[in-house]
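Student: Quick one, fold the following:
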Amino acid sequence: NLKQPILSQSSYPIKDKLLASSYKWYGQIQFAIHCLEGEIKVYVPEFNVNGEITYIASNQALTEILKQSMRKWQSQIASITEEQKKTKPEEFGLLEEIQFWHEWSIALRVLDEQLNGFAVKKIIDVLMLVDPATVQKFNLSWDMLKKYQMNAADNFKFLVILKHPFKNIDSGSGFFGIHDIIPQIMNRLKIIWIISNHYNDHERMMSIMMRIEGKLLNSVARVTDIHALFKQNRKTAMTILLQGKCILDGWKASYLKVCGEIENAHRYSLWTFDRQQLFERTDYMALICLDLHNILQTHEQLYSTFNASLRKLIGKPKRLNELSLWIERLIKPIEELNFDPFKLQEKNSWEKVMEKFENEVKEIEAEVIEFLDLSFKSAHSTEAAFDMLLNFKYNHSRPAVRSQLRKKHNEILVKYAQEIDTISNMFEQNRDNPFLSKNNPPVAGSIVWEKSLFRHLKHTIFRLMEDKEIMNTDQGKEVRSMYIQVGIQMRQYEVTQYLKWHETAEQFIPSLLTQTLLLKYKTSKTELDIKNIQYTINFSPEVKEIILEAKYMDLLGFSVPQLVRHVALQENKFHRYVCSIFGTLRRFHSLMNLINDVECYLLDGHVQDLQSVLQYGCKRLNWFSLGISNYIDRCMKAIAKFKRLLNQVKKNAQDIENKLLIIESANLFEYPVPQNNTSLFGIEDFFNYMKEERAKEVAYLYRKYKAISPLLIKIESLVLNTDSGKAPKMEKYYTHWEYKVYNALTTMIVKNIHSFSANLMEKGPLFQVETSVSPSDITLHPNALEIYDLTMQCFTDCLDTSKFFIRWMRGTCIMCPPQKVKGEDKTFVFSFFNDIAQVPQIKEQAVILSQNIHHVLTSITKQVNKWKKYMHRCKFDNDLYVKKSVADLLSHLAYNDKMQLYSNIIQEVDHLPLMNMVLCVQLNMETAVQTFREKAKECIQVLGKQLIISVMEDLHKLEAKLQVFNECHLSST
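Tutor: Below is the predicted model of the structure:
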C-alpha cells in the first residue's frame, strides 16, 4: 500500500514528498533485511579486537593475516564495482531499472556498513603502523565503493518519482488519467535532468523517454484494438480514438513545453534529443487514430443520412435497404484487417486501405445524391420534400450531400406552386358538392372541407417561411402571392355558405318545433285494428341538423342566431325528451307484440285506455310545451300498469300451457319392469299392468285438466273483475283454450299409440308367451287370436281415456253435466272422445297397429314351426309303433343306431335356448323341450327292454347249441 497514491493529483508537491519519504523508509527496511540475510559479507579474521594497536602490530604473523584480509576486501570491492560497470540498466524496462538501482544501492550500502565496523577500523589502524601503502590503496577502493553507492542511491531516488505515473500508464485498462499523467512525467524528467549527475546525459535521458514512449504506444494500441473497437458503439469508439490521439499529441506537446522552459531558463543543459526518433512512432499512431476516427465518423454520417424519420418520408424501402447494406459493408475491410495499422512498417498497406475507403465513400456519396434527387422528385407533397430537406440539413450528413441539398430550394417552390394549383382546382370543382367528413352537417361540413384544403396550404407555407433563404427569392415571393389569392377565394366561399345557413335556420326553426310530439299510423287493416296502431316520434331530423350546424358554426367562429342558439343550448333537454319518448314507445310496441289475437280481444278495453294516454301527445303537445315531462311520466305509469296486468294474464296462461304440456307428454303405455332378473310378465299380466297404470295416469291428467277452469276464472277476475266462469267477453278465450285441450289430447293419444305400435316391432321383449306340445302340434298360451284381441283392446282402452275429459258448456269454462237422451234411460256425457275418435291419424294408427300385430304373430308361427321337426322324430305315442320299430330291427347294431338317434335328440334339445326372442315377444319353449326330452328317454327305455329280451332269446339258443355240442362230444369219446 505504500506504493499507491493517497492524495489527489492537485497536491503534487506534498504527494511527491510523502511518496519519497515512504520509499526512503522502505529502503531502510530493505537495507536491514540485506544486512541480516545478504550474501555480501566482509571476512574479518579472529583476533583480540580490544588489544593494544602496538601489541597487535608487533605480532608479525597476525599482521600478515590482516594484510591478506584487506587485500581480499579490496578485490571484493573491485569485483563488485566491475560488475556494476558491465551492467547496462538502460536496456531494462523503466521499472526494472528502478529496481536495479534500488538493489545495488542496498548491496553497496551493506558492504560499506560492514567495512565501517569496529573490527575493520581496528585492522586499518593496525596496518597503518605496519604497511601504510596497503591501507592507502584500500582507502582508494573504499572511496570508489562509496561513490558507486551514492550514485546508485541517487539514481534510485530520482527514478522512483517516475514509478507511480509510469505504473498508471502500464496498468490502466483505458485512458482514464493518462492525459493528466503525461505532464507530470515530463516535469519529473525535467527535475531529474537538472539535478541528477547520472541522468544529465542525452543518451540516458533519451533511453528513459523512449521507454515511456513505448509504454504510451502499447497502452494506446491496447485500448484502440481495431477488432474490438469496431464492435463497440460508434460514438464510444470515436471518443476512444480521439482520446488516444490526444494522449499521443499530449506527449509531444508536453515535451515541447518543458523543452521551451529549459531553453528559457538559460541555466541548464538544453534538450537536444532526436525528435524524429522520439516522436516518429507517436505521431504516426496519432495519425492512424485520426484516420480510424474519420472512418467511423464517415460511416456514421452516411448511415445517419437515412434516419427513421427520413425513411418514412422517402419510402422506397428496397432501395434504402440496398444503400444501407452498402454503407454497412463499407467498414468490413477495416474490421477484417490482417495487419496492425499502428506499426510504422505497415504504412504503405494502410495508405492503400485508406485510398480504397475514400474512393468507395465517393461512390456512395454519388449514389446517395442520385437517390436523393429521385426522392425529391417523387415526394408526395411539398411539406414532405421540405421535411426531407430539413432532415438532411440538420443531421450529420456528408459535405457533398449538404452541397447538393442547397440546390433543391427551387424544386420545393415549384412543387408547392403545383400543390396550390391542384388544391385550387379541387376547390372549384367540388365547391357545390364538397366531400363531407363523417357526422359533419352539410353547411358546416363544406366550410370544414374548405378550411382543411386551406389549412394544408397554410401549414406548408408556414413551414417554408421557417427558411428565409427560400422565401426571399423571386420565386418564393411569387408562390406567396398565389397562396394569398387562393386564400381570398376560399374565405369568400365560407362567408357565403354561412349567410345562406343563417337565413334558413332563422326561418324554419319555429315551425319545426311547433309540431306535435307523436304521429299515429296503422300497420295493416284487419279486424283487430287496435293492435295495429303504431306511434312514432315527430321530432324532425332538420332540427337535429340545425342544432349540429349551430354547434359547428360556433366552433368555427361564426355568430349563431339568438333563437337557434337558444334551441341549441336545449339540445340535451330535447335529446332527453326524444330518448324518453322513444323508450316509452318501444315498451308500448313490445307489449303490443306480446299480445296474440285472442288476448287482444280479451284486453281490448285496457289497450284502449293505454292508447288514450298516448293519444294526448298526438294532439295537444308540441316541442315548446312545458308539460312534456309530466306526459312522459303518465305514459310510463299507464304502460307499467298494463304490463303488470298482461304479465299476470300471461302467467296464468303459461300455467295452463304447462298443464296441457303434461297432458300432451303423458305416457299411457307404462311397461312393467321385471324385478331381480325375474322372467317377463305374461301377456295377460302385461296388459293388465298397463291398464292399471293407465288408470292412475288418467286420474292424474284429469286433475290437471280440471285445474284449468280455476285459472281461467282467475284471468276473468283480473281482466273483468268477475269470477263467474262464463263471462261473454271471454267466450273466444274459452274456445281458444278448449281447442288447445283438444289438440293436447289428440297429440297424447296419437303419440302413445304410435310409440306402442313401434315398440311391438322392436327386438326388445315386452312380454312372455308360453308354449306346450300336444300329440298333433305345438300350441301357444294364449293363442294367436287371443294375443291379437288383447292388443287391440289395449288400443281401445287408450282411445277411451279421452272420455274422462268432459267438454265445457258453450261460452263458459264450466264442465258440461251429463245430459238425458230422449227415449233412453242412460245419460250422455259430452267428452272429447267423439271428436278424437274421428281424427284420421287415430284411424291410421289403428290400421298400423293391426298390421304390426299380424306381423308379430306370423314371426311367432315361423319360430314355432322350427321346433316341429322334433315331433316327427318322436312319433311314439303308442307301444304299437315302438314294437313295430323293434320288429324291424335286424341286429343288435340296429338297436344301437336307434338308441343313438334318441340320445342325439336329447342332447340337441338340451342345447337349444329355452327363451326365444321374436320381436316384442319372449317365447318360452321350456315345456316343449322337457316334453321332447322325456319322450326320447321313454323310447330309449323301451328299446333297451326289447334289446334285453332279444339278447336273452339268443343266449338261450346258444346255450341249447352248446349243450347239443357237448353231448355229441361225450358220445364220441
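Student: so what's Ile182 up against?
Tutor: Leu216, Ile247, Gly250, Trp251, Ser254 (Cβ atoms under 8 Å, 6 or more residues apart in numbering). Every residue, glycine included, has its C-beta placed from N, CA and C.
Student: In contact with the first one, which residues?
Tutor: Put plainly, it is Leu216. When the contact criterion is Cβ under 8 Å, 6+ apart, the partners of Leu216 are Ile169, Ile178, Ile182, Ile247, Leu248, Trp251, Thr282.
Student: can you confirm the third one is in a helix?
Tutor: Yes. Counting by DSSP: H, G, I helix; E, B strand; the rest coil, one finds Ile182 located in a helix.
Student: coming back round to it: looking at the contacts of Leu216, which are in helices?
Tutor: Of the contacts of Leu216, the ones assigned to helices by DSSP state H are Ile169, Ile178, Ile182, Ile247, Leu248, Trp251, Thr282.
Student: just the buried members of those?
Tutor: Ile169, Ile178, Ile182, Ile247, Leu248, Trp251, Thr282 (16 or more other Cβ atoms under 10 Å).
Student: Export the contacts of Ile182 to CSV and append columns for pLDDT and distance to Lys137.
Tutor: CSV is the format used below for the contacts of Ile182 (pLDDT from 0 to 100; distance: Cβ to Cβ, whole Å):
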residue, pLDDT, distance to Lys137
Leu216, 79, 49
Ile247, 82, 55
Gly250, 83, 54
Trp251, 81, 50
Ser254, 82, 49
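Student: of those, closest to Glu824?
Tutor: Ile247 (139.4 Å; Cβ to Cβ).
Student: I'd say that closest one and Ile178 touch.
Tutor: Yes. Contact status for Ile247 versus Ile178: in contact at 5.4 Å, counting by Cβ atoms under 8 Å.
Student: May I see the buried ones among the ones in helices among the contacts of Leu216 arranged in CSV, with distance to Val130 as well?
Tutor: Converted to CSV, these look like this (distance: Cβ to Cβ, whole Å):
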residue, distance to Val130
Ile169, 59
Ile178, 64
Ile182, 61
Ile247, 66
Leu248, 67
Trp251, 62
Thr282, 64
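Student: of those, the lowest pLDDT goes to which?
Tutor: In terms of pLDDT, Ile169 ranks lowest among those, with 68.
Student: Show me the chain divided up by domain.
Tutor: Following automatic domain parsing, the chain resolves into domains at 1-161, 380-513, 518-542+553-662, 685-864, 870-910+934-972.
Student: residue ranges for the helices of the stretch 601-750 of the chain, please.
Tutor: Along the stretch 601-750 of the chain, counting by DSSP state H, counting those that start in this stretch, helices occupy 604-619, 628-664, 683-706, 708-720, 731-760.
Student: of all those helices, which lies closest to Phe582?
Tutor: Taking Cβ to Cβ as the criterion, helix 628-664 is the member of the helices of the stretch 601-750 of the chain that comes nearest to Phe582, at 10.6 Å.
Student: what's that closest one packed up against?
Tutor: Contact here means 3 or more Cβ pairs under 8 Å, 6 or more residues apart in numbering; DSSP states H and E; on that basis helix 628-664 packs against helix 571-594, helix 597-602, helix 604-619, helix 683-706, helix 708-720, helix 731-760.
Student: counting contacts, what elements does the longest one pack onto?
Tutor: Contacts of helix 731-760 with other secondary structure elements, assessed using 3+ Cβ pairs under 8 Å, 6+ apart, are made with helix 597-602, helix 628-664, helix 708-720, helix 784-800, helix 833-837, helix 840-865.
Student: List the buried residues in the helix or strand just after that helix.
Tutor: Past helix 731-760, further along toward the C-terminus, the next helix or strand under DSSP states H and E is strand 767-773. Residues Phe767, Gln768, Val769, Glu770, Thr771, Val773 are the ones in strand 767-773 that count as buried (16+ other Cβ under 10 Å).
Student: between these, which is closest to Lys822?
Tutor: Within the set of the buried residues of strand 767-773, Phe767 lies nearest Lys822; the separation is 45.6 Å, counting by Cβ to Cβ.
Student: how close does the residue found closest to the closest one once you drop the neighbours it is linked to in the chain sit to Ile488?
Tutor: Leaving aside its chain neighbours, Phe767 sits nearest to Phe686 (3.7 Å; criterion: Cβ to Cβ, 6 or more residues apart in numbering). Applying Cβ to Cβ, to the nearest Å, one obtains 106 Å for the distance of Phe686 from Ile488.
Student: with the contacts of Ile182 in mind, which one is nearest to Asn834?
Tutor: Distance to Asn834, by Cβ to Cβ, is smallest for Ile247 among those, at 124.5 Å.
Student: Quick one: name whatever helix or strand follows the one helix or strand Gly214 maps to.
Tutor: The secondary structure element spanning Gly214 is helix 202-223 (assigned by DSSP H and E). Proceeding C-terminally, helix 202-223 gives way to helix 226-229 as the next helix or strand, assigned by DSSP H and E.
Student: Which parts of the strand or helix carrying Val564 count as buried, going by neighbours?
Tutor: Following DSSP H and E, the helix or strand that holds Val564 is helix 562-569. Of the residues in helix 562-569, those with enough neighbours to count as buried (16+ other Cβ under 10 Å) are Val564, Val567, Ala568.
Student: Quick one: distance of it to the chain centre.
Tutor: Its chain's C-alpha centre lies 52 Å from the corresponding centre of helix 562-569 when counted by Cα atoms, centre = their mean, to the nearest Å.
Student: Just the mean pLDDT for that helix, thanks.
Tutor: Averaging pLDDT along helix 562-569 yields 87.
Student: Stretch 963-973 too?
Tutor: The average of the pLDDT scores along stretch 963-973 is 79.
Student: What's the biggest helix in this structure, counting residues?
Tutor: Identified as the longest helix of the chain according to DSSP H is helix 926-972.
Student: so that one versus helix 840-865, what angle?
Tutor: With axes from the mean of the first three to the mean of the last three Cα atoms, to 10 degrees as the criterion, the two stretches helix 926-972 and helix 840-865 enclose an angle of 10 degrees.
Student: packing partners for helix 926-972?
Tutor: Packing contacts for helix 926-972, counted by 3+ Cβ pairs under 8 Å, 6+ apart, involve strand 767-773, helix 879-887, helix 892-910.
Student: can you tell me which of these the model trusts least?
Tutor: Across the helices and strands packed on helix 926-972, the lowest-scoring stretch is helix 879-887, with a mean of 48.
Student: Thank you kindly, that will do.
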